[in-house]
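*Asks:* Give the three-dimensional model of this entry:
(one chain, ligands or ions: 1)
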Amino acid sequence: MAEYDSIAADYKKSKFAPWRIAVEVHSLFNLLGDIRGARVLDLACGDGIYSRRLRERGAARVVGVDLSSGMIDLARAEETARPLGIDYHVGAAQDLELGETFDIVFAAYLLNYARSLDELAAFARAITKHLRPGGRFVGINNNPAHAPERYTATRPFGFVKSLQPGASLVNGTAITYTFFQDDHTFHFDNFYLDPQAHATELAGAGLEDFAWYPLQADLSILTPQDRTLDWDGFVASAPVLCFSAVRR
Ligand SMILES: C[S@@+](CC[C@H](N)C(=O)[O-])C[C@H]1O[C@@H](n2cnc3c(N)ncnc32)[C@H](O)[C@@H]1O
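*Replies:* Have a look, this model is predicted:
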(Lines give C-alpha, C1' and ligand atoms only; values in the text may rest on other atoms or scores of the structure.)
Protein backbone atom coordinates (compact mmCIF):
# COMPACT_ATOMS: atom_id res chain seq x y z
CA MET A 1 0.00 0.00 0.00
CA ALA A 2 1.37 3.45 -0.92
CA GLU A 3 2.09 5.70 2.08
CA TYR A 4 -0.68 8.15 1.19
CA ASP A 5 -3.47 5.56 0.91
CA SER A 6 -4.05 5.70 4.67
CA ILE A 7 -3.86 9.50 5.01
CA ALA A 8 -5.59 10.48 1.75
CA ALA A 9 -8.64 12.15 3.37
CA ASP A 10 -6.55 13.96 6.02
CA TYR A 11 -4.09 15.19 3.42
CA LYS A 12 -6.90 16.41 1.16
CA LYS A 13 -8.31 18.48 4.03
CA SER A 14 -4.89 19.94 4.86
CA LYS A 15 -4.82 21.63 1.46
CA PHE A 16 -7.34 24.19 2.76
CA ALA A 17 -5.18 25.50 5.62
CA PRO A 18 -4.56 29.27 5.31
CA TRP A 19 -0.88 28.88 4.35
CA ARG A 20 -1.78 26.51 1.53
CA ILE A 21 -4.05 29.07 -0.10
CA ALA A 22 -2.30 32.35 0.77
CA VAL A 23 1.25 31.14 0.14
CA GLU A 24 1.45 27.80 -1.68
CA VAL A 25 -1.24 28.34 -4.32
CA HIS A 26 -0.40 32.03 -4.71
CA SER A 27 3.33 31.39 -5.21
CA LEU A 28 2.83 28.49 -7.62
CA PHE A 29 0.39 30.27 -9.90
CA ASN A 30 2.55 33.41 -9.94
CA LEU A 31 5.43 31.26 -11.12
CA LEU A 32 3.31 29.40 -13.68
CA GLY A 33 1.95 32.62 -15.20
CA ASP A 34 -0.56 32.37 -18.02
CA ILE A 35 -1.35 28.69 -18.65
CA ARG A 36 -4.32 29.16 -20.96
CA GLY A 37 -4.29 26.51 -23.70
CA ALA A 38 -1.37 24.59 -22.17
CA ARG A 39 -1.15 20.82 -21.96
CA VAL A 40 -0.13 20.00 -18.39
CA LEU A 41 1.01 16.81 -16.68
CA ASP A 42 0.44 16.96 -12.89
CA LEU A 43 2.92 14.47 -11.41
CA ALA A 44 2.25 13.24 -7.86
CA CYS A 45 -1.16 14.87 -8.29
CA GLY A 46 -2.55 13.47 -5.04
CA ASP A 47 -6.32 14.04 -4.92
CA GLY A 48 -6.01 16.24 -8.02
CA ILE A 49 -6.36 19.56 -6.27
CA TYR A 50 -3.82 21.25 -8.55
CA SER A 51 -5.02 19.29 -11.60
CA ARG A 52 -8.42 20.93 -11.14
CA ARG A 53 -6.97 24.38 -10.48
CA LEU A 54 -4.77 24.09 -13.59
CA ARG A 55 -7.81 23.21 -15.69
CA GLU A 56 -9.90 25.96 -14.13
CA ARG A 57 -7.17 28.50 -14.97
CA GLY A 58 -7.35 27.57 -18.62
CA ALA A 59 -5.08 24.56 -19.26
CA ALA A 60 -6.46 22.80 -22.33
CA ARG A 61 -5.52 19.30 -21.21
CA VAL A 62 -4.55 18.01 -17.78
CA VAL A 63 -3.36 14.52 -16.89
CA GLY A 64 -2.77 13.61 -13.23
CA VAL A 65 -0.57 10.73 -12.05
CA ASP A 66 0.01 9.50 -8.49
CA LEU A 67 1.49 6.43 -6.82
CA SER A 68 -1.36 6.17 -4.31
CA SER A 69 -4.58 4.52 -5.49
CA GLY A 70 -6.31 6.09 -2.44
CA MET A 71 -5.38 9.56 -3.69
CA ILE A 72 -6.42 8.75 -7.28
CA ASP A 73 -9.76 7.39 -5.97
CA LEU A 74 -10.37 10.82 -4.40
CA ALA A 75 -9.35 12.58 -7.62
CA ARG A 76 -11.66 10.41 -9.74
CA ALA A 77 -14.55 10.95 -7.30
CA GLU A 78 -14.14 14.72 -7.76
CA GLU A 79 -13.99 14.24 -11.54
CA THR A 80 -17.22 12.24 -11.44
CA ALA A 81 -18.96 14.82 -9.23
CA ARG A 82 -17.73 17.80 -11.28
CA PRO A 83 -16.32 16.69 -14.64
CA LEU A 84 -13.42 18.77 -15.96
CA GLY A 85 -12.10 16.28 -18.50
CA ILE A 86 -9.00 15.40 -16.45
CA ASP A 87 -7.45 11.94 -16.91
CA TYR A 88 -6.03 10.34 -13.76
CA HIS A 89 -3.65 7.37 -13.61
CA VAL A 90 -2.11 5.38 -10.75
CA GLY A 91 1.61 5.05 -11.38
CA ALA A 92 5.16 5.76 -10.26
CA ALA A 93 6.48 9.00 -11.75
CA GLN A 94 9.90 7.51 -12.41
CA ASP A 95 8.43 4.67 -14.54
CA LEU A 96 5.95 6.77 -16.48
CA GLU A 97 5.51 6.12 -20.21
CA LEU A 98 2.45 8.05 -21.35
CA GLY A 99 3.66 8.30 -24.95
CA GLU A 100 2.67 11.97 -24.95
CA THR A 101 4.50 15.26 -24.34
CA PHE A 102 3.23 18.31 -22.48
CA ASP A 103 3.91 22.05 -22.40
CA ILE A 104 4.26 21.96 -18.62
CA VAL A 105 5.09 19.22 -16.15
CA PHE A 106 3.87 20.36 -12.74
CA ALA A 107 4.95 18.59 -9.54
CA ALA A 108 3.87 19.68 -6.07
CA TYR A 109 5.95 17.67 -3.58
CA LEU A 110 7.30 14.92 -5.83
CA LEU A 111 11.05 15.55 -5.92
CA ASN A 112 11.30 15.32 -2.12
CA TYR A 113 10.41 11.61 -2.43
CA ALA A 114 13.78 10.89 -4.06
CA ARG A 115 16.03 9.27 -1.43
CA SER A 116 19.20 9.46 -3.49
CA LEU A 117 20.74 11.27 -6.44
CA ASP A 118 19.93 8.23 -8.60
CA GLU A 119 16.24 8.42 -7.68
CA LEU A 120 16.21 12.16 -8.36
CA ALA A 121 17.82 11.50 -11.76
CA ALA A 122 15.13 8.88 -12.52
CA PHE A 123 12.38 11.45 -11.76
CA ALA A 124 14.20 13.98 -13.94
CA ARG A 125 14.47 11.59 -16.90
CA ALA A 126 10.75 10.78 -16.73
CA ILE A 127 9.91 14.50 -16.59
CA THR A 128 12.12 15.25 -19.61
CA LYS A 129 10.49 12.41 -21.55
CA HIS A 130 7.06 14.00 -21.05
CA LEU A 131 8.03 17.61 -21.88
CA ARG A 132 8.24 19.11 -25.34
CA PRO A 133 11.51 20.96 -26.10
CA GLY A 134 11.21 24.37 -24.44
CA GLY A 135 8.50 23.06 -22.09
CA ARG A 136 8.62 24.01 -18.40
CA PHE A 137 8.94 21.96 -15.26
CA VAL A 138 7.38 23.88 -12.34
CA GLY A 139 6.63 22.86 -8.80
CA ILE A 140 7.09 23.13 -5.08
CA ASN A 141 9.19 21.03 -2.77
CA ASN A 142 10.72 20.72 0.66
CA ASN A 143 13.17 23.63 1.03
CA PRO A 144 16.58 21.95 1.44
CA ALA A 145 18.04 25.20 2.84
CA HIS A 146 15.45 25.37 5.68
CA ALA A 147 17.41 25.28 8.94
CA PRO A 148 16.36 22.43 11.28
CA GLU A 149 16.38 24.93 14.21
CA ARG A 150 13.38 26.55 12.47
CA TYR A 151 11.46 23.32 11.83
CA THR A 152 8.95 23.93 14.65
CA ALA A 153 8.41 27.66 13.93
CA THR A 154 5.55 26.71 11.59
CA ARG A 155 3.47 25.23 14.46
CA PRO A 156 1.00 28.19 14.44
CA PHE A 157 0.38 27.38 10.76
CA GLY A 158 -0.66 23.81 11.61
CA PHE A 159 2.41 21.72 10.89
CA VAL A 160 6.02 21.12 11.90
CA LYS A 161 8.99 19.32 10.42
CA SER A 162 11.37 17.11 12.44
CA LEU A 163 14.40 14.86 12.14
CA GLN A 164 15.01 11.61 13.98
CA PRO A 165 16.96 12.24 17.23
CA GLY A 166 20.64 12.72 16.40
CA ALA A 167 20.06 12.87 12.63
CA SER A 168 21.68 15.57 10.51
CA LEU A 169 20.93 16.76 7.01
CA VAL A 170 22.84 14.57 4.59
CA ASN A 171 21.49 13.23 1.30
CA GLY A 172 18.74 10.69 2.05
CA THR A 173 17.90 11.89 5.60
CA ALA A 174 14.18 11.51 6.36
CA ILE A 175 12.33 14.72 7.27
CA THR A 176 9.00 14.03 9.00
CA TYR A 177 6.13 16.44 8.37
CA THR A 178 3.52 16.34 11.17
CA PHE A 179 0.17 18.06 10.58
CA PHE A 180 -2.12 19.10 13.44
CA GLN A 181 -5.66 18.89 12.17
CA ASP A 182 -8.92 18.95 14.15
CA ASP A 183 -8.29 16.73 17.19
CA HIS A 184 -5.51 14.54 15.77
CA THR A 185 -2.18 14.55 13.97
CA PHE A 186 -0.95 12.78 10.86
CA HIS A 187 2.48 12.61 9.37
CA PHE A 188 4.60 11.54 6.41
CA ASP A 189 8.27 11.58 5.52
CA ASN A 190 10.15 13.46 2.81
CA PHE A 191 13.85 13.04 2.08
CA TYR A 192 16.60 15.62 2.10
CA LEU A 193 18.76 16.15 -0.97
CA ASP A 194 21.08 19.14 -1.03
CA PRO A 195 20.04 22.21 -3.06
CA GLN A 196 22.82 21.81 -5.61
CA ALA A 197 21.83 18.18 -6.28
CA HIS A 198 18.59 19.36 -7.83
CA ALA A 199 20.25 21.64 -10.39
CA THR A 200 22.89 19.01 -11.22
CA GLU A 201 20.62 15.97 -11.61
CA LEU A 202 17.96 17.85 -13.55
CA ALA A 203 20.54 19.35 -15.91
CA GLY A 204 21.95 15.85 -16.46
CA ALA A 205 18.51 14.78 -17.69
CA GLY A 206 18.12 17.79 -19.99
CA LEU A 207 16.24 20.15 -17.65
CA GLU A 208 18.14 23.44 -17.66
CA ASP A 209 18.04 26.73 -15.75
CA PHE A 210 16.83 25.06 -12.56
CA ALA A 211 16.16 27.74 -9.94
CA TRP A 212 14.49 27.97 -6.53
CA TYR A 213 11.98 30.82 -6.05
CA PRO A 214 11.07 32.50 -2.77
CA LEU A 215 7.53 32.11 -1.48
CA GLN A 216 5.08 34.99 -1.72
CA ALA A 217 2.09 35.59 0.54
CA ASP A 218 -1.26 37.08 -0.49
CA LEU A 219 -2.75 38.15 2.83
CA SER A 220 -5.79 39.79 1.20
CA ILE A 221 -7.61 36.46 1.04
CA LEU A 222 -7.15 35.67 4.76
CA THR A 223 -9.48 36.29 7.67
CA PRO A 224 -8.42 39.15 10.01
CA GLN A 225 -7.49 36.54 12.62
CA ASP A 226 -5.29 34.53 10.23
CA ARG A 227 -3.59 37.74 9.07
CA THR A 228 -2.11 38.16 12.56
CA LEU A 229 0.16 35.13 12.07
CA ASP A 230 3.86 35.78 11.34
CA TRP A 231 3.65 35.54 7.54
CA ASP A 232 6.91 37.46 7.04
CA GLY A 233 8.68 34.90 9.21
CA PHE A 234 7.04 32.02 7.31
CA VAL A 235 8.23 33.36 3.96
CA ALA A 236 11.69 34.38 5.21
CA SER A 237 12.37 30.96 6.74
CA ALA A 238 10.42 29.00 4.17
CA PRO A 239 9.71 25.32 4.92
CA VAL A 240 9.00 24.70 1.22
CA LEU A 241 10.13 26.46 -1.96
CA CYS A 242 8.93 26.76 -5.55
CA PHE A 243 11.21 25.91 -8.47
CA SER A 244 11.26 25.83 -12.23
CA ALA A 245 13.41 24.45 -15.06
CA VAL A 246 13.15 24.29 -18.84
CA ARG A 247 13.57 21.31 -21.15
CA ARG A 248 16.35 22.04 -23.65
C1 LIG B 1 2.48 15.72 -0.36
S2 LIG B 1 1.48 14.83 -1.50
C3 LIG B 1 1.16 16.06 -2.75
C4 LIG B 1 -0.05 15.79 -3.57
C5 LIG B 1 -0.44 16.93 -4.50
N6 LIG B 1 0.61 17.22 -5.47
C7 LIG B 1 -0.76 18.16 -3.69
O8 LIG B 1 -0.04 19.14 -3.74
O9 LIG B 1 -1.78 18.12 -2.99
C10 LIG B 1 2.70 13.86 -2.27
C11 LIG B 1 2.13 12.85 -3.27
O12 LIG B 1 3.23 12.24 -3.95
C13 LIG B 1 2.82 10.92 -4.27
N14 LIG B 1 4.04 10.19 -4.62
C15 LIG B 1 5.08 9.86 -3.82
N16 LIG B 1 6.02 9.22 -4.52
C17 LIG B 1 5.56 9.15 -5.81
C18 LIG B 1 6.09 8.60 -7.01
N19 LIG B 1 7.28 7.97 -7.03
N20 LIG B 1 5.37 8.70 -8.15
C21 LIG B 1 4.16 9.30 -8.14
N22 LIG B 1 3.60 9.85 -7.02
C23 LIG B 1 4.31 9.77 -5.88
C24 LIG B 1 2.12 10.46 -3.01
O25 LIG B 1 1.30 9.33 -3.23
C26 LIG B 1 1.33 11.73 -2.65
O27 LIG B 1 0.04 11.71 -3.20
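*Asks:* per-residue confidence for the residue nearest the centre of the chain?
*Replies:* Central residue of the chain (CA atoms, centre = their mean): Ala108, 1.6 Å from the mean position. Turning to Ala108, the model gives it a pLDDT of 98.
*Asks:* Pull the contacting residues for it.
*Replies:* With contact taken as CB atoms under 8 Å, 6 or more residues apart in numbering, Ala108 is in contact with Glu24, Leu28, Asp42, Ala44, Gly46, Tyr50, Gly139, Ile140. (Glycine included, C-beta is placed from N, CA and C.)
*Asks:* Could you say which of the residues you listed is surrounded by the most neighbours?
*Replies:* Highest neighbour count within these, by other CB atoms under 10 Å: Asp42, with 31 neighbours.
*Asks:* where's that residue relative to Leu74, distance?
*Replies:* According to CB to CB, to the nearest Å, Asp42 stands 14 Å off from Leu74.
*Asks:* List the residues that are in contact with both of those two.
*Replies:* Gly48.
*Asks:* need the contact list for Asp34.
*Replies:* Gly58.
*Asks:* Could you pull up phi and psi at Phe137?
*Replies:* In terms of degrees, to the nearest 10, the main-chain angles of Phe137 are phi -110, psi 120.
*Asks:* Straight-line length of stretch 232-242, end to end?
*Replies:* Using CA to CA, to the nearest Å, one end of stretch 232-242 lies 17 Å from the other.
*Asks:* so what's the residue in the chain positioned nearest to the ligand closest to, chain neighbours aside?
*Replies:* Across the chain, the shortest distance to the ligand (CB to the nearest ligand atom) belongs to Gly46, at 2.6 Å. Nearest residue to Gly46, sequence neighbours excluded (CB to CB, 6 or more residues apart in numbering): Met71, at 4.8 Å.
*Asks:* contacts for the host helix or strand of that neighbour?
*Replies:* Element membership for Met71, per DSSP states H and E: helix 69-81. When contacts are defined by CB under 8 Å, 6+ apart, helix 69-81 is touched by residues 2, 4-6, 8-9, 11-12, 45-48, 51-52, 64, 66, 86, 88-90.
*Asks:* how about a cut-off of 10 Å?
*Replies:* With CB atoms under 10 Å, 6 or more residues apart in numbering as the test, helix 69-81 has contacts from 1-9, 11-12, 42, 44-49, 51-52, 64-66, 68, 84-91.
*Asks:* Are we agreed that Phe210 is in a strand?
*Replies:* Yes - judged by DSSP: H, G, I helix; E, B strand; the rest coil, Phe210 forms part of a strand.
*Asks:* Hmm, Ile127 and it touching each other?
*Replies:* No - judged on CB atoms under 10 Å, Phe210 makes no contact with Ile127 at a distance of 11.3 Å.
*Asks:* Between the two, which has more neighbouring residues?
*Replies:* Ile127 (28 against 19).
*Asks:* Does the more buried one touch Leu207 like I think?
*Replies:* Yes - with contact defined as CB under 10 Å, Ile127 reaches Leu207; the gap is 6.5 Å.
*Asks:* joint contacts of the two?
*Replies:* Residues touching both Ile127 and Leu207 by CB under 10 Å, 6+ apart: Val105, Gly135, Phe137, Ala245, Arg247.
*Asks:* Fine by me, we can end here.
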